[in-house]
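**Student:** I would like the atomic coordinates for the input below:
(chains A, B, C and D)
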Number of protein chains: 4
Amino acid sequence: MIDYMGDDAAVVQAARVSYGRGTKHVSEDRGLINYLLRHSHTTPFEMAEIKFHVKLPIFVARQWIRHRMASVNEYSARYSVLDREFYIPNTANLAAQSSTNRQGRGDVLTDSEASDVLALLRNDATRAYDDYLVMLNEDEHGNTIDAARVGLARELARMNLSLNFYTQWYWKVDLHNLMNFLRLRADPHAQYEIRAYAEVMLDVLRHWAPLTFDAFKEHRLGAIQLSASAVKVVRALIAGEQPSFETSGLSKREWAELVDQLGIKD
Amino acid sequence: MIDYMGDDAAVVQAARVSYGRGTKHVSEDRGLINYLLRHSHTTPFEMAEIKFHVKLPIFVARQWIRHRMASVNEYSARYSVLDREFYIPNTANLAAQSSTNRQGRGDVLTDSEASDVLALLRNDATRAYDDYLVMLNEDEHGNTIDAARVGLARELARMNLSLNFYTQWYWKVDLHNLMNFLRLRADPHAQYEIRAYAEVMLDVLRHWAPLTFDAFKEHRLGAIQLSASAVKVVRALIAGEQPSFETSGLSKREWAELVDQLGIKD
Amino acid sequence: MIDYMGDDAAVVQAARVSYGRGTKHVSEDRGLINYLLRHSHTTPFEMAEIKFHVKLPIFVARQWIRHRMASVNEYSARYSVLDREFYIPNTANLAAQSSTNRQGRGDVLTDSEASDVLALLRNDATRAYDDYLVMLNEDEHGNTIDAARVGLARELARMNLSLNFYTQWYWKVDLHNLMNFLRLRADPHAQYEIRAYAEVMLDVLRHWAPLTFDAFKEHRLGAIQLSASAVKVVRALIAGEQPSFETSGLSKREWAELVDQLGIKD
Amino acid sequence: MIDYMGDDAAVVQAARVSYGRGTKHVSEDRGLINYLLRHSHTTPFEMAEIKFHVKLPIFVARQWIRHRMASVNEYSARYSVLDREFYIPNTANLAAQSSTNRQGRGDVLTDSEASDVLALLRNDATRAYDDYLVMLNEDEHGNTIDAARVGLARELARMNLSLNFYTQWYWKVDLHNLMNFLRLRADPHAQYEIRAYAEVMLDVLRHWAPLTFDAFKEHRLGAIQLSASAVKVVRALIAGEQPSFETSGLSKREWAELVDQLGIKD
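**Tutor:** Numbering: from 1, shown residues only, chains lettered A, B, ... in the order given. Okay, the predicted model is just below:
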């Protein structure tokens, strides 16, 4: 974290200008912040801003950049040479393709499978970087390798690097859009490699804006959404009836999620 | 509605490029659109676009314009003279200030109270417009009133008009942001005068992108959000326990809403 | 000005991460900031942020809000009662409609014309506010006028107010978008009433980020754009030729502007 | 090009609503579009929209995605396996690093240097893809290679691919933001590999919205910006004086560009 502007107090200050004289009716900051988030009155959360300096693998950067409501300045590999730094997962994070979720992970690989994968990743990234330098005609200290030869343009040579190489950027975002980012990227369905960043940023949020952090856990991270059909199922359950999947109007997957989320005896 | 680009099919087409070869696993359009909206995979909904021509009172325009992710071209009262057209509510919509909701309406006024209000609104708007023309030195047909006098600049004279005068604009928005607009503005808490527009637009949506419309009703309009604490209450209820407000961790207002939404016997 | 994050240094810091090791070649802050603005490398300017608390007439707010890349929290007249405060121009700013520019001002009104206009503006705004209170059934101190009557909902009563009534908001923007705002609103073609705000904000910019302020004057405020055809005219002039309007390919208005901007003897 | 909404006519239609009754004064479409672009009245250009389906190398996609005011749906390598398709430059495009411009290209490589580079690029990409399949435990037809082994999750295996592999997406943008994209990416300073796309899109623009295309060439692509100091130099030149670099207040680079752009005898 490099810098920030405002915190919980800036949210409260902005909300109170909206309410004007009516403010006295919402007297407590924690209550106000909870109220705002619960009712998706999100503009006051735009009034606080935070800036991070992040080093991250390019494949993570490609997911991250999809959050458009933020400002970014990234290291330019057109302009400068990238370092020999690439991401190699821990063995514990080397998981098989999930058989049930097309974009998820399943069981962790066996030690022998894992070491095969790690060797491939390491060898290929090493070779990619070595050849990157050869094309640039430059060694790791920026010295020309062969004075009789010209180096390939940096903007071209970089295409030989793989997606696990590290880039870095400044990333600035307001509190509202930070929460949008965290809701998606701190979610268990997010890829582990970006979730690891989201978890560190969640911790920053906890220290920076503790009331907002609590409200975020209550109304976003720990909240669930019930579709119109799911509402009917829950009302029936609460009324003591036994609604069935067949008449619920839910898809199989929704039904399974609902059963799981609400501890329904299926 | 002036024009549009794409419909349900554009959403499906965009989603399928993301899933690539994996598409065969999500074979049915309706199911796919439901899935996207349920999981807030909203980018494919940006791929369809719609454009409206709207005439609306300025106080409604001021709420509407807060939706920033849209394109607008508005009639310019710096450039041209506004028409003598102002909004006067129907008697049925003339309600008292709500005593429980600081930004809502309560009971409808009595006939006598209503006719007093209508007379004030009508007289003041009429006088404002008459004086607007006097300042412009222009009659309603654009003719100079008094050749010996110059007219005040239009950009100044307009400040005399009240917020119920009509303006007009073209408004263009993608399907994702249209749903954001409709979720807020077709909501019972929205001011009636903007909700009236939202309801017409909901009907346009129903004809334009019927699968998205159905999914929108199921996963947005008719859906409810349970906070982390509310989830605990619902799980307890389903398990046959009797959770109490005191131990729920909910605010009074949240508890009341939950009781109402789920038909809990309180 | 309420708060800010970063200044010239934040711009430089962000630009340098892009240039990476190459940074040494752009060693001086002033030169770097000039370079960035001259080449429209505007993303580093997004890294500094500023927040204002503004009280402004509604017709100015309506122009201002068109700048979408900013965050706003406005006083809500649905929620609270507006004050009896409305904008009345100085006599010196009461100008006639321009006869050459449909959205501009011409000569200042005569004293007698001006006092007629001011009387109309003042009377109509006063009456509008008086009737606003009558509809609300509330006096200026928030006391009920007539206990036997209910007050009209605030969200309705406000429509009686005219566009010169004051509202207020917090407005937060990054340095790049602040410059976009100032380029349009500090321009002589901007309406005086918004330009007055822009000029104060220019002065804030001068103190806050002086290098950016200087670059902004050099490359935005004081800069001119030559169209492809205008470039040909200027090249011919510099080569000692006498290009004519007829062969220039410029419109009359463009030609006149060029003559004026470059001191061409026409 | 997949779809579009509106064209020059939509721009004109939106501009005319702003001008209202005043429209008759701007009677010709071509003149109006030129006027709008010359004065940066860009909102009417947001009223036309276009959608492309693009296949592009990942390093190009990384530049392209920086244009935030657009909608994107990209092929997901978390979800599906990427094809064996990677970008290999033509020999004619294999240039050395520029010695004067840190982010540009200099002379084309010799044949022998070029063939060395091409061999490295081809071999490394081939090996990266082969090992990608090994990690996935899948051959090019999607068949399992070794039934006794599980495949690594797709979201992990993809990190072994290099930045010249192709991805694909739908990209939707309005006409205003398309011009912003083209101004930067059809510029000679843009990297050749993205400029190649921009040039195709320029040609689409020429057919789709010919009046806007002409105005874009006149007021953007072929236009130049003169800084406040450059304006003084040009005024002096036109007045027959001999301004010098030393007293111009311009940087060396600005002076050199000005000399070049305006054919000044230096």
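**Student:** use CA for all of it now, contacts and neighbours both
**Tutor:** Will do.
**Student:** and the stretch 51-200 of chain A, which residues reach chain C?
**Tutor:** Counting by Cα under 8 Å from any Cα of the partner chain, the residues of the stretch 51-200 of chain A close to chain C are A:71-76, A:79-81, A:168-170, A:172.
**Student:** Looking at the residues you listed, which are in strands?
**Tutor:** Per DSSP state E, strands hold the following members of those: A:71-74, A:168-170, A:172.
**Student:** Closest to residue B:147 out of these?
**Tutor:** residue A:71 (55.8 Å; Cα to Cα).
**Student:** So, low pLDDT: which residues of chain A?
**Tutor:** Along chain A, the model assigns pLDDT under 70 to residues A:21-27.
**Student:** Which single one of the ones in strands among the residues of the stretch 51-200 of chain A next to chain C is nearest to chain B?
**Tutor:** Closest approach between these and chain B, by Cα to the nearest Cα: residue A:71, at 17.0 Å.
**Student:** Let me know how buried the closest one is, in neighbour terms.
**Tutor:** Residues lying near residue A:71 (other Cα atoms under 10 Å in any protein chain shown) number 22.
**Student:** again, but for residue A:101
**Tutor:** With other Cα under 10 Å as criterion, residue A:101 counts 11.
**Student:** got it, and the one 4 residues further on?
**Tutor:** Close neighbours of residue A:105, defined as other Cα under 10 Å, add up to 24.
**Student:** which residues does it form a beta bridge with?
**Tutor:** Taking DSSP bridges as the rule, residue A:105 bridges to residue A:97.
**Student:** pretty sure it contacts residue A:188?
**Tutor:** No: if you go by Cα atoms under 8 Å, residue A:105 and residue A:188 don't touch, sitting 11.0 Å apart.
**Student:** Spatially, which two of the residues of the stretch 51-200 of chain A next to chain C are the most separated?
**Tutor:** A:81 and A:172 (24.4 Å).
**Student:** Same question for the lengthiest helix in chain A: list its buried residues.
**Tutor:** Ranked by residue count, the top helix of chain A under DSSP state H comes out as helix A:111-136. Within helix A:111-136, the residues that count as buried by 16 or more other Cα atoms under 10 Å in any protein chain shown are A:113-114, A:117-118, A:120-121, A:124-136.
**Student:** in chain A, which residue is closest to the centre?
**Tutor:** residue A:185 (2.8 Å; Cα atoms, centre = their mean).
**Student:** Report the contact partners of that residue.
**Tutor:** With contacts defined as Cα atoms under 8 Å, 6 or more residues apart in numbering or on different chains, the neighbours of residue A:185 are A:191, A:194-195, A:198.
**Student:** Show me which residues of stretch A:67-75 are buried.
**Tutor:** Buried-residue list, stretch A:67-75, by 16+ other Cα under 10 Å: A:68-75.
**Student:** Likewise for stretch A:228-239?
**Tutor:** A:228-238.
**Student:** And for stretch A:258-266?
**Tutor:** For stretch A:258-266, using 16+ other Cα under 10 Å, the buried residues are A:258, A:262.
**Student:** about what we covered before: in JSON lines, list the contacts of residue A:185 along with neighbour count.
**Tutor:** Conversion of the contacts of residue A:185 to JSON lines gives the following (neighbours: other Cα atoms under 10 Å in any protein chain shown):
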{"residue": "A:191", "neighbour count": "19"}
{"residue": "A:194", "neighbour count": "18"}
{"residue": "A:195", "neighbour count": "19"}
{"residue": "A:198", "neighbour count": "21"}
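**Student:** Measure how far stretch A:98-108 is from the centre of its chain, please.
**Tutor:** Relative to its chain's centre, stretch A:98-108 lies at 19 Å (Cα atoms, centre = their mean, to the nearest Å).
**Student:** between the helix or strand hosting residue A:233 and helix B:228-238, how big is the angle?
**Tutor:** Following DSSP states H and E, the helix or strand that holds residue A:233 is helix A:228-238. Interaxial angle, helix A:228-238 versus helix B:228-238 (axes from the mean of the first three to the mean of the last three Cα atoms, to 10 degrees): 50 degrees.
**Student:** The helix or strand following helix A:228-238 close to chain B?
**Tutor:** The helix or strand immediately downstream of helix A:228-238 is helix A:245-248, counting by DSSP H and E. No: counting by Cα under 8 Å from any Cα, chain B has no neighbours in helix A:245-248; the shortest distance is 12.6 Å.
**Student:** Residue A:121 - nearest residue in space that isn't next to it in sequence?
**Tutor:** Leaving out its chain neighbours, the residue that sits closest to residue A:121 by Cα to Cα, 6 or more residues apart in numbering or on different chains is residue D:160, at 6.2 Å.
**Student:** From residue D:132, how far out is that neighbour?
**Tutor:** Separation of residue D:160 from residue D:132 (Cα to Cα, to the nearest Å): 6 Å.
**Student:** Over to residue A:174?
**Tutor:** 38 Å.
**Student:** Over to residue A:241?
**Tutor:** 52 Å.
**Student:** Same question for residue A:164.
**Tutor:** From residue A:164 to residue D:132 the distance is 13 Å (Cα to Cα).
**Student:** same question, residue A:46
**Tutor:** 42 Å.
**Student:** go on, residue A:173?
**Tutor:** 35 Å.
**Student:** What of residue A:206?
**Tutor:** Computed with Cα to Cα, the distance linking residue A:206 and residue D:132 is 39 Å.
**Student:** residue boundaries of the strands in chain A?
**Tutor:** A:3-5, A:49-57, A:71-74, A:95-97, A:105-108, A:166-174, A:224-226.
**Student:** Map the structural domains onto the sequence of chain A.
**Tutor:** If you go by automatic domain parsing, the domain ranges for chain A are A:3-73+A:173-221, A:81-160, A:228-262.
**Student:** closest one to residue C:39 among the ones you listed?
**Tutor:** Among the domains of chain A, domain A:3-73+A:173-221 comes nearest to residue C:39, with 15.7 Å by Cα to Cα.
**Student:** The closest one: end-to-end distance?
**Tutor:** 25 Å.
**Student:** from the contacts of residue A:185, which ones fall inside helices?
**Tutor:** Using DSSP H, the subset of the contacts of residue A:185 located in helices is A:194-195, A:198.
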